[in-house]
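Enquirer: Below are the sequence and a predicted model; questions follow.
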Amino acid sequence: MTTRIDRVFAAAKEANRPLLAAYIMGGDPDLATGQAIMNALPQAGADIIELGLPFSDPMADGVAIQMGGQRALAAGQTLRGVLGMVEEFRRKDETTPVVLMGYYNPIYIFGVEKFLATAKEAGVDGLIIVDLPAEEDAELCIPALKAGINFIRLTTPTTDDARLPTVLENTSGFVYYVSMNGTTGAVIKSRAAVGESVQRIKAHTELPVIVGFGIKTADDAAEMGRHADGIAVGTVIVDAVAKSLVDGMATDKTVGAVRDLVADLAAGLKRARA
Amino acid sequence: MDGINSLRNGPDENGRFGLYGGRFVAETLMPLILDLEREYRAAKIDPAYQAQVKDLATHYTGRPSPLYYAERLSQHLGGAKVWFKREELNHTGSHKINNCLGQILLAKRMGKTRIIAETGAGQHGVATATVCAKFDLPCTIFMGATDVERQMPNVLRMKMLGAEVRPVTAGAGTLKDAMNEALRDWVTNVESTYYLIGTAAGPHPYPEMVRDFQSVIGQELKEQFREREGKLPDAVVACVGGGSNAIGTFHAFLDNPEVAIYGAEAGGHGIDIENGHAASMTGGRPGVLHGNRTYLLQDSDGQILEGHSISAGLDYPGVGPEHSYLHDSKRVTYVPITDKEALDAFQLCTKMEGIIPALESAHGLAQVIKLAPTMTTDQSIVLCLSGRGDKDVESVGKYLGLLK
């Protein structure tokens, strides 16, 4: 049985183009606007949606995504609420993969088995849980695989050849290469090194590799798209939400701001293999 | 060696104390903490490393710290004899130096060129800044903005010792937020930087390592007490925030069931007041934060609460994983102590013994004050007096209305 994630990568490979994975914080800046942003992403050019799970203590995130999470929590978002967003999204879109990205504690408190069943039912395709390294696979990774949900692992510049097999062992769907040592939204120091690293990972796995962290503009997208099967963009999207707000509230420009930015990034990405 | 049924065998090879502990960190940090574990195992059996730790403990810290019989206080309480294990007399004024010296030598062995640390009350920040001065390493201390304000004397000490103090304004500006920011810095500068964690919490191997460095407290205490009284104490007491002085005090006694063990958590305004305390074991439930599974203050969605304590050093929504394990196994009794009880204990100790305790340690003392009258005069309680209260005189003065 192929999954939505498999299908979207197969189609992109056929068309010889890299994918765009767009990250938004689920429920930012408020629940209704957050849903409208999510619903608008596929048409704007996002191939995969990474839906952020807000957490009070996002240790691996830079300021922009921290603030996005705080806005969502202040608006009353919960883990169950984010799963509800996916359910709502699936009423109109059966093909775009949705990957939840966040931290483990809210899932642990929700209950792993109940979470996986609810997520599968809602139409979630994959999970990226930042604070669950391979050493903790028994917690959520293995149960997720059994439930038919991909567990996508982050690999980083510190993941050397000796460690890569450990990290890749239970990874499925795709591999997410973090372009730098740092939090989300920092600056990539060496672009050439990113390409080499992707090749290094590909020597260990058949899975597609996407690159994320630090991609901010259409030109970045064009360049990084050359090196990988796809790119992930988050911070600038969450920033676009923030900039569209007036007194912390969504405006009639908020959804459009994200749509235009994602369209611009998608256009940049089209130049990657041109 | 300890037997199969010993409570002192943890953690297992995955860094677990039963359900608790583990390595819940981002992949960027994983290779580093695996390295650290290897390096620590090697250092532990390296006589040269051990000799250096011992030498510094003796000549730099001033160990062994005295075991003091608090005679007036004992008579006043009218029950058990009360003793203080005087960690507040250590260089830098608290137990924190025991751990900092052990870890800075490890950082040197690993070739790291920069040190970061988080601090609540500033005791760990001062101890870290101190060892960084001595070993000529640049250091950055992350401290919640609220704590910077309420522990100004320690902020000044850190700066004079050459540390950069970075105030953290996120959240409530306390220890939890400082730890988040330190982790973000570490992820960014992982190649050069050593994270010198101050409490027996965080990802494996930190809880084990910090416990080992602090276990000198309980080992000395056991020996000193035996010399003075020819037996074991009937009870030992320590305050618990993250819990490093407590685990250091308790560890030597875990397999002596005749010794009662009490940990005093920060009860703040009262355990029934939501978000009004920092008693993670008596008022929280297990969850995952800052690299380990442990008891946490959190809401029904798994979002972490800020908590509250008058004491900056106890104002943390979690606790070291070994304490969570000892709580579940009921070997240690954890009790909440309110701000008011700690303030009263602070004043009593100051007036009766001429010793100004840290507000953190005053929480432990408040438990001693409750306990001693229920015991007989031939019984003894030892309190780990983990830090001195010079840093707190201004904030206590404000509470008491001595300052305008």
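Expert: It's in. Quick caveat, the model's predicted, so the values are computed rather than measured. Numbers count the residues shown, from 1 in each chain, chains lettered A, B, ... in the order given.

Enquirer: C-alpha from now on. contacts and neighbour counts both.
Expert: Fine.

Enquirer: For the residue in chain A positioned nearest to chain B, which non-adjacent residue is closest in space?
Expert: Relative to chain B, the nearest point of chain A is residue A:182 (3.8 Å; C-alpha to the nearest C-alpha). Among residues not flanking residue A:182 along the chain, residue B:188 sits closest, at 3.8 Å (C-alpha to C-alpha, 6 or more residues apart in numbering or on different chains).

Enquirer: Tell me how many other residues crowd that neighbour.
Expert: Residues lying near residue B:188 (other C-alpha atoms under 10 Å in any protein chain shown) number 19.

Enquirer: Check residue A:41 too.
Expert: Counted with other C-alpha under 10 Å, the neighbours of residue A:41 add up to 24.

Enquirer: In terms of helix, strand or coil, where does it fall?
Expert: What DSSP: H, G, I helix; E, B strand; the rest coil gives for residue A:41 is helix.

Enquirer: wait, what's in contact with it?
Expert: Contacts for residue A:41 were tallied using C-alpha atoms under 8 Å, 6 or more residues apart in numbering or on different chains; they are A:22, A:49, A:259, A:262.

Enquirer: Give me the neighbour count for residue 37.
Expert: Here I'm looking at chain A. Counted with other C-alpha under 10 Å, residues neighbouring residue A:37 total 24.

Enquirer: that's the wrong chain, I wanted chain B
Expert: Neighbour number of residue B:37 under other C-alpha under 10 Å is 16.

Enquirer: For the residue nearest to residue A:182, give me its contacts.
Expert: Going by C-alpha under 8 Å, 6+ apart, residue B:188 touches A:181, A:182, A:183.

Enquirer: so which helix or strand takes in the second one?
Expert: Right, the one you point to is residue A:182. Following DSSP states H and E, there is no helix or strand that holds residue A:182.

Enquirer: Does it touch residue B:181 like I think?
Expert: No - the criterion here is C-alpha atoms under 8 Å, and residue A:182 misses it with residue B:181 at 11.8 Å.

Enquirer: Which one of those two is surrounded by more residues?
Expert: residue B:181 (28 against 25).

Enquirer: so where do the helices sit in the stretch 151-274 of chain A?
Expert: Ranges of helices within the stretch 151-274 of chain A are A:164-168, A:191-202, A:218-227, A:235-243, A:254-270, based on DSSP state H, counting those that start in this stretch.

Enquirer: Tell me the confidence at the residue of chain A closest to chain B?
Expert: What the model reports as pLDDT for residue A:182 is 88.

Enquirer: Out of all residues in chain A, which is the farthest from the middle?
Expert: Most distant from the centre of chain A: residue A:247, at 27.8 Å, with distances by C-alpha atoms, centre = their mean.

Enquirer: Can you tell me how far whatever residue of the stretch 201-350 of chain B ends up closest to chain A is from residue B:379?
Expert: With C-alpha to the nearest C-alpha, the shortest gap between the stretch 201-350 of chain B and chain A falls at residue B:302, namely 4.2 Å. The gap separating residue B:302 from residue B:379 is 44 Å, by C-alpha to C-alpha, to the nearest Å.

Enquirer: same check, this time on residue B:41
Expert: 39 Å.

Enquirer: ditto for residue A:19
Expert: 72 Å.

Enquirer: Compare these two (neighbour count), which wins?
Expert: Under the criterion of other C-alpha under 10 Å, the comparison of residue A:19 against residue B:379 puts residue A:19 first, with 25 against 15.

Enquirer: for residue 271, what are its contacts?
Expert: Assuming you mean chain A. residue A:222.

Enquirer: if you could check chain B rather than the one you did, that'd help
Expert: By C-alpha under 8 Å, 6+ apart, residue B:271 lies in contact with B:277, B:279, B:282, B:283, B:336.

Enquirer: Recalculate using a threshold of 7 Å.
Expert: For residue B:271, the contact set (C-alpha atoms under 7 Å, 6 or more residues apart in numbering or on different chains) comprises B:277, B:283.

Enquirer: again with the one 4 residues further on
Expert: Contacts were defined as C-alpha under 7 Å, 6+ apart; by that measure residue B:275 touches B:305, B:306, B:307, B:308.

Enquirer: Apart from its neighbours in sequence, what residue is nearest residue B:130?
Expert: residue B:161 (6.2 Å).

Enquirer: what about the one you found, neighbour count?
Expert: 19.

Enquirer: That one reaches residue B:132, doesn't it?
Expert: No - between residue B:161 and residue B:132 there is no contact under C-alpha atoms under 7 Å: 8.4 Å.

Enquirer: interface residues of chain A facing chain B?
Expert: A:55-57, A:59-60, A:78-79, A:104-106, A:108-110, A:130-133, A:154-156, A:158-159, A:181-183 (C-alpha under 7 Å from any C-alpha of the partner chain).
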